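Asker: Sequence plus predicted model, see below.
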Amino acid sequence: MSFLGFCEWLGNTRGSVALHGSLRAYPILESTHVLALCLFLGLAVMFDLRLVGAAMRQVPVSQVAQRLLPWIVAGFAVMVITGALLFYGIPVKTYQNVFFRAKMILLFLAGLNALVFHAGIYRRVTAWDLDPRPPLAARIAGFASLVFWSLVVVAGRMIAYDWFGESA
Amino acid sequence: MSLLPFFGWVQDLRVGETIRGSLWMFPALESLHLLGLAVIGGAILLVDMRLFGLGLSGQPVRSLARDVQPWLIGGILAMLLSGALLFTSEPIKCYHITAFWVKMTFLPFAIAFTFTIRRKVTMADERKIGPVWSRLVAIVSVGLWSGVGIGGRWIGFS
């Protein structure tokens, strides 16, 4: 079965039909998805700003990471769960939306950047923990994170605008 | 006195007409508005969490508040600008939406609270403030800003 076939099957399940047709649940999910941005992306941005040396320059990087990452991960979990449910409610149209596809690619790139950072320069954080301006690799990771996540937000917002869909 | 004539005047402004007539301007402004939301959310939450003893609890409240202040102000300015432009494109519609008025009621209180009482508490000597007041300020701050955010999101559902 193709992924489109899977989406068609998913969209015909009782839960998906009920969610799509619900007057309350879908807006509540959308609101939760958007407002959880403050927790997830807001704190991630603060961490990234520390990495590029633009905020909290006197606070050890490892402390920012240890203290904020649990909240960032919790916020991300809310984003993923609400996001998955939003997809579940409207699978076919969402899958065919070009901005949704762009968002998924950008999400992958943002995740890859985080992975490279944690497996790479962050392993040696003790050597630069107190640097007001972290080393280049860390600054690049912070900057790339800011760019990728911003683009994820923009692409996410644009999913509502089905410019290139069949109904457009 | 009704504000409707003012909203009607805004409706006829060239800037709103330009945004209405453009395919990409409204979504671009919405995107900017969302990015501002993330920056404000992060700058507010970082300090409110600290006031609650969460997050960066090893750092003095005052230095954290000072560190994020430029980002908070920048985020608020980006929000006010993008929000005002979004508003010019559909003022009459906003006038008839309850969520818009809910948001506009919360907004001045949220901004005033942030730059008066909350600012005073974050800049004060922590030993003199005590955990009860710190937590109360954090709760009121998150509450007021949540009112702005939820009201704002709900404008789109009306």
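Answerer: Arrived safely, thanks for sending.

Asker: Now do the buried residues in stretch B:137-148.
Answerer: By neighbour count on 16 or more other Cβ atoms under 10 Å in any protein chain shown, the buried set for stretch B:137-148 is B:137-138, B:140-142, B:144-145, B:147-148. C-beta coordinates here come from the backbone N, C-alpha and C atoms, glycine included.

Asker: Kindly report the same for stretch B:20-31.
Answerer: For stretch B:20-31, by 16+ other Cβ under 10 Å, it's B:25-31.

Asker: same question, stretch A:92-106
Answerer: By neighbour count with 16+ other Cβ under 10 Å, stretch A:92-106 contains the buried residues A:92-97, A:99-100, A:102-103, A:106.

Asker: Keeping just the C-alphas, turn it into CSV.
Answerer: Output of stretch A:92-106 as CSV, limited to C-alpha atoms (Å, rounded to 0.1, in the frame of the first residue of the first chain):
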residue,chain,number,x,y,z
VAL,A,92,-5.1,13.0,2.6
LYS,A,93,-5.3,16.7,2.1
THR,A,94,-2.5,17.4,4.5
TYR,A,95,-0.3,14.8,2.9
GLN,A,96,-0.9,16.3,-0.5
ASN,A,97,-0.1,19.8,0.8
VAL,A,98,3.3,21.1,-0.4
PHE,A,99,3.8,23.1,2.7
PHE,A,100,3.2,20.0,4.9
ARG,A,101,5.9,18.2,2.9
ALA,A,102,8.3,21.1,3.2
LYS,A,103,7.6,21.2,6.9
MET,A,104,8.4,17.5,7.3
ILE,A,105,11.7,17.9,5.4
LEU,A,106,12.6,21.0,7.5
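
Asker: Flag every residue of chain B that's near chain A.
Answerer: Within chain B, the residues that sit near chain A (Cβ under 8 Å from any Cβ of the partner chain) are B:23, B:27, B:30-31, B:34-35, B:37-46, B:49, B:54-59, B:63-64, B:67-68, B:71, B:146, B:149-150, B:153-154, B:157.

Asker: so where's the chain shaky on pLDDT?
Answerer: Chain wasn't specified; assuming chain A. A:166-168 (pLDDT under 70).

Asker: not quite, I wanted chain B
Answerer: Along chain B, segments meeting pLDDT under 70 span B:1.

Asker: Recalculate using a threshold of 80.
Answerer: B:1, B:158 (pLDDT under 80).

Asker: How about B:Ile19, nearest residue that isn't a chain neighbour?
Answerer: B:Ser89 (3.9 Å; Cβ to Cβ, 6 or more residues apart in numbering or on different chains).

Asker: still on that earlier bit, now the buried residues of stretch B:20-31 as JSON lines including secondary structure?
Answerer: Converted to JSON lines, those look like this (DSSP: H, G, I helix; E, B strand; the rest coil):
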{"residue": "B:Met25", "secondary structure": "helix"}
{"residue": "B:Phe26", "secondary structure": "helix"}
{"residue": "B:Pro27", "secondary structure": "helix"}
{"residue": "B:Ala28", "secondary structure": "helix"}
{"residue": "B:Leu29", "secondary structure": "helix"}
{"residue": "B:Glu30", "secondary structure": "helix"}
{"residue": "B:Ser31", "secondary structure": "helix"}
